[in-house]
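> No letters, just coordinates:
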């Protein structure tokens, strides 16, 4: 790796209308800035993130997920703008790639294209059928001659369809020489990174246009942009997973976190949501079910099942309206209408309709342990902490507050009381 990367992440992002820093807004389960870092780490071991707005919050978020990231605090009051953000930065290698933290859709292939060749500067450009609103990139003989803002374009230049995508790979020696020369003598009183292109052209340096796909270089500046980027990211994730053998019914209705992994041949029905670093292994997730940070192996869930974080299901059937939280189920059947929390249940056991583990006393959570071949009858409450050994039957309607030994029947059902002719006496018939 001989490329240094600088990611600009200092902006306030006022159009997001949010107290959350723009670059920490999530796309497919991961902050948009982290998508840029992930792509960068595939080609570089020298990454610097430029911070200013809510700098401490952004830095802490990065450090919670990554190691060996460098940070540069931008003095945005004194040096505003993209060029100002680069002042004072020292990079390790002979080339420096400058990325934006609000471009989460960029890929490794595009970064490699931008960092290739021997040009003094590679700059990303996009061909747009309607370039209105963008600065035009004037190109001659496959070399960039000038970047002209739309308001400064003449009639001929307005017809140009190549526009600046905002990413640059620059010879580090040139970058270090040009950045101190930047001026803020403009209407916005900002230091523009684009000015280094003019400096390079004036010195007869080579500035090569790298044509890129508009989708990858989409900036996220508003909640609408965020939603549009989410759709693009989801389509990528699902396309890749289907290519690897995952079956999806109406994939447009399915949501999959970018951290989730799939092994073998799994089926996702319509309306399924897979969140966090879930692992789905040869399993069938049925309509409108939600899996959060859990592992599902050789099992089926739903329809309308909910598997909450830190659960592990293997060779298990979890049916409709069953909720499982922080539990391990191996070879278990829980067909419908049950809550299983902080529990371990072994093979051959059956959890009836309406069964709940009472795992919370208002202060603490407690564990329920259920052995093999246990039958828990409908509408039973298992008051944790409680252990049920192998080969036990729990009668319907039981409130269990004590451990149960192997082979036992546990039953707390009150005796049935019948009063003849009570209906007629009550209603006076």
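That came through, no problem. Quantities reported herein were computed from a predicted structural model and do not represent experimental measurements.

> going forward, measure contacts between C-alpha atoms and count neighbours the same way
Noted.

> for this protein, which spans come out with low pLDDT?
Residue ranges of the chain with pLDDT under 70: 1, 429.

> Could I get the full set of helices for it?
32-41, 55-65, 81-85, 108-115, 155-158, 172-178, 195-202, 223-243, 422-427 (DSSP state H).

> Now tabulate these in JSON lines and tack on distance to residue 406.
Below are the helices of the chain laid out as JSON lines (distance: least, C-alpha to C-alpha, whole Å):
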{"stretch": "helix 32-41", "distance to residue 406": "51"}
{"stretch": "helix 55-65", "distance to residue 406": "46"}
{"stretch": "helix 81-85", "distance to residue 406": "69"}
{"stretch": "helix 108-115", "distance to residue 406": "58"}
{"stretch": "helix 155-158", "distance to residue 406": "84"}
{"stretch": "helix 172-178", "distance to residue 406": "73"}
{"stretch": "helix 195-202", "distance to residue 406": "79"}
{"stretch": "helix 223-243", "distance to residue 406": "45"}
{"stretch": "helix 422-427", "distance to residue 406": "42"}
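
> would you list those helices in TSV and tack on distance to residue 387 and mean neighbour count?
Listed next are the helices of the chain as TSV, based on distance: least, C-alpha to C-alpha, whole Å; neighbours: other C-alpha atoms under 10 Å:
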stretch	distance to residue 387	mean neighbour count
helix 32-41	44	21
helix 55-65	38	14
helix 81-85	61	22
helix 108-115	52	17
helix 155-158	77	12
helix 172-178	66	17
helix 195-202	71	18
helix 223-243	41	16
helix 422-427	42	9
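
> ok, and the closest non-adjacent residue to residue 108?
residue 39 (5.4 Å; C-alpha to C-alpha, 6 or more residues apart in numbering).

> Quick check: the gap between the one you found and residue 226.
Residue 39 sits 18 Å away from residue 226, going by C-alpha to C-alpha, to the nearest Å.

> Might you report the residue contacts of residue 355?
The contact partners of residue 355, by C-alpha atoms under 8 Å, 6 or more residues apart in numbering, come to 337, 338, 339, 376, 377, 378, 379, 380, 381, 382.

> Next, count neighbours for the fifth one.
By the criterion of other C-alpha atoms under 10 Å, residue 377 has 20 neighbours.

> That one and residue 197: what is the separation?
Distance from residue 377 to residue 197, by C-alpha to C-alpha: 75 Å.

> cool, and the first one?
When C-alpha to C-alpha is applied, the distance between residue 337 and residue 197 equals 65 Å.

> what about the residue nearest to residue 149 when sequence neighbours are not counted, distance to residue 67?
What sits nearest to residue 149 in space, not counting adjacent residues and going by C-alpha to C-alpha, 6+ apart, is residue 135, at 4.1 Å. Counting by C-alpha to C-alpha, the gap from residue 135 to residue 67 is 37 Å.

> for residue 236, same thing?
27 Å.

> hang on, the earlier thing: the residue nearest to residue 149 against residue 165, yeah?
No - with contact defined as C-alpha atoms under 8 Å, residue 135 does not count as touching residue 165 (9.4 Å).

> mind listing the strands for the stretch 151-300 of the chain?
With DSSP state E, counting those that start in this stretch, the ranges of strands along the stretch 151-300 of the chain come out as 162-171, 207-211, 247-248, 255-256, 261-263, 267-268, 273-275, 279-281, 284-285, 290-292, 295-297, 300-301.

> Compile those strands into JSON lines and extend it with columns for mean neighbour count and distance to residue 73.
Shown next, in JSON lines, are these (neighbours: other C-alpha atoms under 10 Å; distance: least, C-alpha to C-alpha, whole Å):
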{"stretch": "strand 162-171", "mean neighbour count": "23", "distance to residue 73": "20"}
{"stretch": "strand 207-211", "mean neighbour count": "22", "distance to residue 73": "29"}
{"stretch": "strand 247-248", "mean neighbour count": "18", "distance to residue 73": "45"}
{"stretch": "strand 255-256", "mean neighbour count": "22", "distance to residue 73": "34"}
{"stretch": "strand 261-263", "mean neighbour count": "17", "distance to residue 73": "36"}
{"stretch": "strand 267-268", "mean neighbour count": "22", "distance to residue 73": "45"}
{"stretch": "strand 273-275", "mean neighbour count": "23", "distance to residue 73": "33"}
{"stretch": "strand 279-281", "mean neighbour count": "23", "distance to residue 73": "38"}
{"stretch": "strand 284-285", "mean neighbour count": "25", "distance to residue 73": "46"}
{"stretch": "strand 290-292", "mean neighbour count": "23", "distance to residue 73": "36"}
{"stretch": "strand 295-297", "mean neighbour count": "24", "distance to residue 73": "40"}
{"stretch": "strand 300-301", "mean neighbour count": "26", "distance to residue 73": "48"}
